[in-house]
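Peer 1: build me a model:
(chains A, B, C, D, E and F)
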4 protein chains.
Amino acid sequence: MGTSESGGMTRPSVLGRPRDSGRDLAILDATLALLTEVGYEQLSMEAVAGRSGAAKTTIYRRYPGKATLVAAAVERRAPAKPPQPAGESLREVVHSLTAWLARSISEQDVGLLGALFTGMRNDAQLAQAMRRILRRDENAMTDSLVQQAAERLAPGAATLFAEVAPALIVHRVVVVGEPCDAAFVEHLVDDILLPLLRRT
Amino acid sequence: MGTSESGGMTRPSVLGRPRDSGRDLAILDATLALLTEVGYEQLSMEAVAGRSGAAKTTIYRRYPGKATLVAAAVERRAPAKPPQPAGESLREVVHSLTAWLARSISEQDVGLLGALFTGMRNDAQLAQAMRRILRRDENAMTDSLVQQAAERLAPGAATLFAEVAPALIVHRVVVVGEPCDAAFVEHLVDDILLPLLRRT
Amino acid sequence: MGTSESGGMTRPSVLGRPRDSGRDLAILDATLALLTEVGYEQLSMEAVAGRSGAAKTTIYRRYPGKATLVAAAVERRAPAKPPQPAGESLREVVHSLTAWLARSISEQDVGLLGALFTGMRNDAQLAQAMRRILRRDENAMTDSLVQQAAERLAPGAATLFAEVAPALIVHRVVVVGEPCDAAFVEHLVDDILLPLLRRT
Amino acid sequence: MGTSESGGMTRPSVLGRPRDSGRDLAILDATLALLTEVGYEQLSMEAVAGRSGAAKTTIYRRYPGKATLVAAAVERRAPAKPPQPAGESLREVVHSLTAWLARSISEQDVGLLGALFTGMRNDAQLAQAMRRILRRDENAMTDSLVQQAAERLAPGAATLFAEVAPALIVHRVVVVGEPCDAAFVEHLVDDILLPLLRRT
DNA sequence: AAATAACCGAGACGGTACGTCAAGTCTTGAG
DNA sequence: CTCAAGACTTGACGTACCGTCTCGGTTATTT
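Peer 2: I've put the predicted structure just below:
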């Protein structure tokens, strides 16, 4: 939530030469590319500068450090992609949402989780910002579920879904270390989510 | 895999002066202390050397790098503390296990998660070792649950518990960023775990 | 060479808004102040801009670089202060001139010498300009000596004085690193200058 | 006067790996080469590191900054080269010494003078060290003169020579900006030095 | 009066170098 | 062969200035 301005970028004043928005794009693009190539730890500000063609000072003028930069880059990339409208039955809706979420987390949020771990210790506010990004998708999902299957759900079921599904997917990817393939999604939907949602 | 030879320690040779086991303890103690003080990212090998009184050489002779060292330190600290025997009812057993797990993860595993993120990118084998440590507790918990409430559980319920409970606790601590207090544990037990375990 | 157009200022065009002479003063004043405060090396264009309230552009429009700027500032400050008319005897005249020169060099020219060293390597023309400033005082002194004591001097004595006195004073301040106090001036006059001037 | 250890180098301890004296030589050689090539101002620590093949940290472990480094390099190069024994007459002795000094200052000490200007402002102790180096030659010269022409000199003449000759040469090179050619040396000897030395 | 042209502040920009920190390797002397 | 100490290379850090380049806006002269 918060204002529309947030996200770590420093305020560009009115006076003086305005910031070159092309630099913004180049910096964030380079950050994203490097993030997926080498991961959060191995990503260096110097590499971002080199790849983007921007000077280090230009980056530091916008973001105070690596964590903030990565957060901004991730936020820009994933503009809360709305989960696609799904099929008929409750199972179909839940399955569709879960599969989308599994893909989304596996592909995009892993890099951000590294930034989150670093930021947690150093800057509580920054950690909060990253959590906001991470949970943006979860909230979008909640809404989507309510919209599509409101009548078939017990009250609070959507919230429960938004709590349980991302947790299990993140755990799968990070701790268990195995991919969220179709079989896992099936298991997740049939053995865990649907029982919870129906019963509640 | 799963041999008795622990996680990352390099083989000590037979000839020459034997390794000083006091150095082992000092190194791991210092690592643990620094890990909780400053977190995984800010923990430096140089600080471990300084704090433990060991030379950097002595550390690198045992562990090839920071991630391995931290893994060894964490492994030593948490010798799969057996969850304390619990009360009567199924709910009491589950609640007891969950509360113990929440405490255990919050206090101990957070540092290891940082190491896991780093290690994942750099060394798949190392990531595997860390995952093994992380899941040691989960497995111990599964066993404990089966022992204490075997007759009241559906087959596979213990496995399910070991899959869901840690996932939600980790998610709570890392992504949501709020503490696993008593209220959360209650919610977790009554709204999620018990329904799943009973029904399955 | 030796034109009336001063040291390093770029030609202001005829068309358009004329240059604000108040900016000139502010820039040179700030330069002089910083020169005496922090010395030539530590003096930065950015500090001059900040102190004078002028934009960097405004400074660079006038002077191509630090050395030129400092030269202009020093030139403005020391408008060849005429040595004060002295007493009766030859010794009184020489002593008066030497004391003035010692004060002048110690207080004013030290900063310029730093600029001179830098400029020498980078821009021979600039070095020439600085030398011109430095020797302006020496020439003025020559004239003064001739005016006041022409009949008592051998031919060429004034030139000799202008060659020897500044050299010894600069050497004293920079290389020896001790102040040009009264005792030193006495020594310089009685043991070196007067013997040379009388005999020649 | 000055222990044998001094000169800005930090104390190498007894324990641990000893400093690589090859690094010392490489660093000082590179410093000298760059000093003559580009001058004091343009000499960068990074260039010294690159040229010498030493890491920047290796340089900073030995010298706290550029001025100290240059001072050490210059000190090593000019081990108070004794002026060569000269001819017969007093004039021949003085001329020989003066010519040697003119060469010595022109070729070697100019770089150090830049370091001196910088160091003066920043570190009085460092400035003192540089002055010591600069005056080492002057003192050697005094001794040489006394040795070679003691009987023909008034008392204090050698000191006077060591005061006047370097001052005029430095002034010629730096302030006047013209070379110390044979004609200048002749002028210096015949018109200034000999009259002073004979009369005193 | 309008157009033109230079001025001025502010500050973004690509660079270069700074001085520091930590990583991981290597080299001593002592045990 | 181990250990403590510390030198060494490498690479990145975040900062300071450099000199150049837009911006919006302000005087002046020229049409």
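
Peer 1: let me know the average pLDDT across the host helix or strand of A:Ala33.
Peer 2: Assessed by DSSP states H and E, A:Ala33 sits inside helix A:21-42. Computed over helix A:21-42, the mean pLDDT rounds to 92.

Peer 1: now that helix: how far from the chain's centre is it?
Peer 2: 15 Å (C-alpha atoms, centre = their mean, to the nearest Å).

Peer 1: and it, what does it pack against?
Peer 2: If contacts are counted by 3 or more C-beta pairs under 8 Å, 6 or more residues apart in numbering or on different chains; DSSP states H and E, helix A:21-42 sits against helix A:45-52, helix A:56-62, helix A:66-77, helix A:110-122, helix B:110-122. Just so you know, the C-beta spots here come from the backbone N, C-alpha and C atoms, and that holds for glycine as well.

Peer 1: quick one: closest of these to DNA strand F.
Peer 2: Nearest of the helices and strands packed on helix A:21-42 to DNA strand F, taken as C-beta to the nearest atom of the strand: helix A:45-52 at 3.3 Å.

Peer 1: list the buried residues in that closest one.
Peer 2: Residues of helix A:45-52 classed as buried: A:Ala47, A:Val48, A:Ala49, A:Arg51, A:Ser52 (neighbour count, 16 or more other C-beta atoms under 10 Å in any protein chain shown).

Peer 1: residue contacts, the last one?
Peer 2: Same thing as A:Ser52. A:Arg23, A:Ala26, A:Ile27, A:Asp29, A:Ala30, A:Thr31, A:Ile59 (C-beta atoms under 8 Å, 6 or more residues apart in numbering or on different chains).

Peer 1: excluding its backbone neighbours, what's nearest it?
Peer 2: A:Ala30 (3.7 Å; C-beta to C-beta, 6 or more residues apart in numbering or on different chains).

Peer 1: next: the fourth one.
Peer 2: If you skip the residues right next to it in sequence, A:Arg51 has A:Ala30 as its closest partner in space, 3.9 Å away by C-beta to C-beta, 6+ apart.

Peer 1: contacts only, for that neighbour.
Peer 2: A:Ala47, A:Val48, A:Arg51, A:Ser52, A:Ala54.

Peer 1: now the residues you listed as a markdown table including pLDDT and distance to D:Arg19?
Peer 2: Listed next are these as a markdown table, based on pLDDT from 0 to 100; distance: C-beta to C-beta, whole Å:
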| residue | pLDDT | distance to D:Arg19 |
| --- | --- | --- |
| A:Ala47 | 98 | 33 |
| A:Val48 | 98 | 37 |
| A:Arg51 | 97 | 39 |
| A:Ser52 | 97 | 41 |
| A:Ala54 | 97 | 40 |
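
Peer 1: of the residues you listed, closest to DNA strand E?
Peer 2: If you rank the contacts of A:Ala30 by distance to DNA strand E using C-beta to the nearest atom of the strand, A:Ala54 comes first, at 3.9 Å.

Peer 1: how much space separates that closest one from A:Gln42?
Peer 2: From A:Ala54 across to A:Gln42, the span is 19 Å (C-beta to C-beta, to the nearest Å).

Peer 1: quick one, which of these two is more surrounded?
Peer 2: A:Ala54 (20 against 14; other C-beta atoms under 10 Å in any protein chain shown).

Peer 1: surely that one and A:Leu25 touch.
Peer 2: No: with contact defined as C-beta atoms under 8 Å, A:Ala54 does not reach A:Leu25; the gap is 10.3 Å.

Peer 1: go through chain A and flag its longest helix.
Peer 2: helix A:124-149 (DSSP state H).

Peer 1: and that one with helix A:66-77, angle?
Peer 2: 20 degrees (axes from the mean of the first three to the mean of the last three C-alpha atoms, to 10 degrees).

Peer 1: so what does helix A:124-149 touch, helix or strand wise?
Peer 2: By 3+ C-beta pairs under 8 Å, 6+ apart, helix A:124-149 packs against helix A:66-77, helix A:90-104, helix A:110-122, helix A:157-170.

Peer 1: can you redo those helices as a markdown table with mean pLDDT and mean neighbour count?
Peer 2: Shown next, in a markdown table, are those (pLDDT from 0 to 100; neighbours: other C-beta atoms under 10 Å in any protein chain shown):
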| stretch | mean pLDDT | mean neighbour count |
| --- | --- | --- |
| helix A:66-77 | 89 | 22 |
| helix A:90-104 | 88 | 20 |
| helix A:110-122 | 70 | 22 |
| helix A:157-170 | 91 | 23 |
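
Peer 1: out of these, nearest to C:Met130?
Peer 2: Closest approach to C:Met130 among the helices and strands packed on helix A:124-149 (C-beta to C-beta): helix A:66-77, 46.0 Å.

Peer 1: do the closest one and DNA strand E meet?
Peer 2: No: Helix A:66-77 does not reach DNA strand E (C-beta under 7 Å from any atom of the strand); its nearest approach is 13.5 Å.

Peer 1: now do that helix against helix B:21-42, angle only.
Peer 2: Going by the same axes, to 10 degrees, helix A:66-77 makes 50 degrees with helix B:21-42.

Peer 1: now look at helix A:66-77 and say if it contacts DNA strand F.
Peer 2: Yes: contact of helix A:66-77 with DNA strand F (C-beta under 7 Å from any atom of the strand) involves A:Lys66.

Peer 1: close to chain B, is that helix?
Peer 2: No: Helix A:66-77 is not in contact with chain B by C-beta under 8 Å from any C-beta of the partner chain; minimum separation 9.8 Å.

Peer 1: how far away is A:Arg76 from C:Leu28?
Peer 2: 48 Å.

Peer 1: can you check A:Gln148 too?
Peer 2: Relative to C:Leu28, and taking C-beta to C-beta, A:Gln148 is found at 74 Å.

Peer 1: ditto for A:Ser21
Peer 2: 39 Å.

Peer 1: more crowded one of these two?
Peer 2: A count of neighbours by other C-beta under 10 Å puts C:Leu28 above the other of A:Ser21 and C:Leu28, at 22 against 9.

Peer 1: tell me the SS of the closest residue to DNA strand E within chain A?
Peer 2: Per C-beta to the nearest atom of the strand, A:Gly16 is where chain A lies closest to DNA strand E, at 2.0 Å. Secondary structure state of A:Gly16, per DSSP: H, G, I helix; E, B strand; the rest coil, is coil.

Peer 1: pLDDT value on it, please?
Peer 2: Looking at A:Gly16, its pLDDT reads 89.

Peer 1: please work out how many residues are found near it.
Peer 2: Neighbours of A:Gly16 using other C-beta under 10 Å come to 8.

Peer 1: backbone phi and psi for the closest residue to chain C within chain A, please?
Peer 2: Across chain A, no residue is closer to chain C than A:Gly16, which sits at 9.5 Å (C-beta to the nearest C-beta). With angles defined as degrees, to the nearest 10, A:Gly16 sits at phi 70, psi 180.

Peer 1: likewise A:Asp20?
Peer 2: According to degrees, to the nearest 10, A:Asp20 has phi -80, psi 110.

Peer 1: do A:Leu153 as well
Peer 2: phi -110, psi 140.

Peer 1: understood, closing this out.
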